[in-house]
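A.B. asks: Next comes the sequence, and after it the predicted model I'd like to discuss.
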Amino acid sequence: TTLFRSLCDRCGGSWERKMEEYAREPCPWRIVDDCGGAFTMGIIGGGIFQAVKGFRNSPVGVRHRFRGSVSAIRIRAPQIGGSFAVWGGLFSTIDCGLVKLRGKEDPWNSITSGALTGAVLASRSGPLAMVGSAMMGGVLLALIEGVGILLTRYTAQQFQNPNPFGEDPSQLSPQDGSPPPGYGGYGQYQ
């Protein structure tokens with residue numbers, strides 16, 4: 001952490017203030033964290049998917065199906081986890097680069113990172129595949145960011161204080177300047 005403090009001090013800000021701005025880890029550790037999280041998601045999701053696939057594609061019999069399921073998990077789940085880890089690591093690396101380049105962290109960084117990650121991962125398949133993967137990555141991350149923003153706004157509306165006075169028109173004074181109905185004026189106090 002002393003390395004990060006000295007880097008933040010050189011950039012013109014204090015380390016504590018920089019950490020309060022973002023709820024996530026600082027960028028070098030964010031890459032490792034996202035890579036590990038993506039690997040875990042890939043292992044668990046791929047394991048579940050491969051368990052069902054191995055069970056269905058095995059010969060009849062509980063013992064054969066169970067062995068087929070375990071075999072499929074053992075063979076394919078680490079490969080799927082590794083693919084997820086590569087995607088997550090590359091995405092976070094590009095995201096951290098954009099945060100440093102632009103100086104702010106917003107949904108555009110994630111959308112751009114998704115598009116660039118899709119393009120880089122499809123680079124061996126040619127330019128047409130790169131463009132298609134970039135569009136899919138950008139659209140997918142735009143949908144994820146959009147849903148996140150909508151959920152944030154929706155949950156924020158739930159916690160707003162209601163108007164204590166309401167919108168009852170009988171409590172408002174008339175536009176012509178006359179006293180409201182039921183109000184006799186100050187005559188009763190004279």
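C.D. replies: Right, received. Where do you want to start?
A.B. asks: all helices for the chain, in order.
C.D. replies: Ranges of helices in the chain, per DSSP state H, are 2-11, 15-21, 27-56, 62-102, 107-121, 127-158.
A.B. asks: so where is the protein shaky, pLDDT-wise?
C.D. replies: For the chain, the stretches with pLDDT under 70 are 1-23, 162-190.
A.B. asks: run the last query once more with 80
C.D. replies: Across the chain, the ranges flagged by pLDDT under 80 are 1-26, 157-190.
A.B. asks: what's the nearest residue to residue 140 if we skip its chain neighbours?
C.D. replies: residue 114 (6.0 Å; CB to CB, 6 or more residues apart in numbering). In short, each C-beta sits where N, CA and C put it, glycine included.
A.B. asks: before we move on, the earlier item: would you turn the helices of the chain into TSV with mean neighbour count?
C.D. replies: Below are the helices of the chain laid out as TSV (neighbours: other CB atoms under 10 Å):
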stretch	mean neighbour count
helix 2-11	12
helix 15-21	12
helix 27-56	17
helix 62-102	17
helix 107-121	20
helix 127-158	13
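A.B. asks: Next one: the residue nearest to residue 140 from residue 158, what distance?
C.D. replies: According to CB to CB, to the nearest Å, residue 114 stands 29 Å off from residue 158.
A.B. asks: My understanding was that residue 142 contacts residue 111; is that so?
C.D. replies: Yes: Residue 142 is within contact range of residue 111, at 5.0 Å (criterion: CB atoms under 8 Å).
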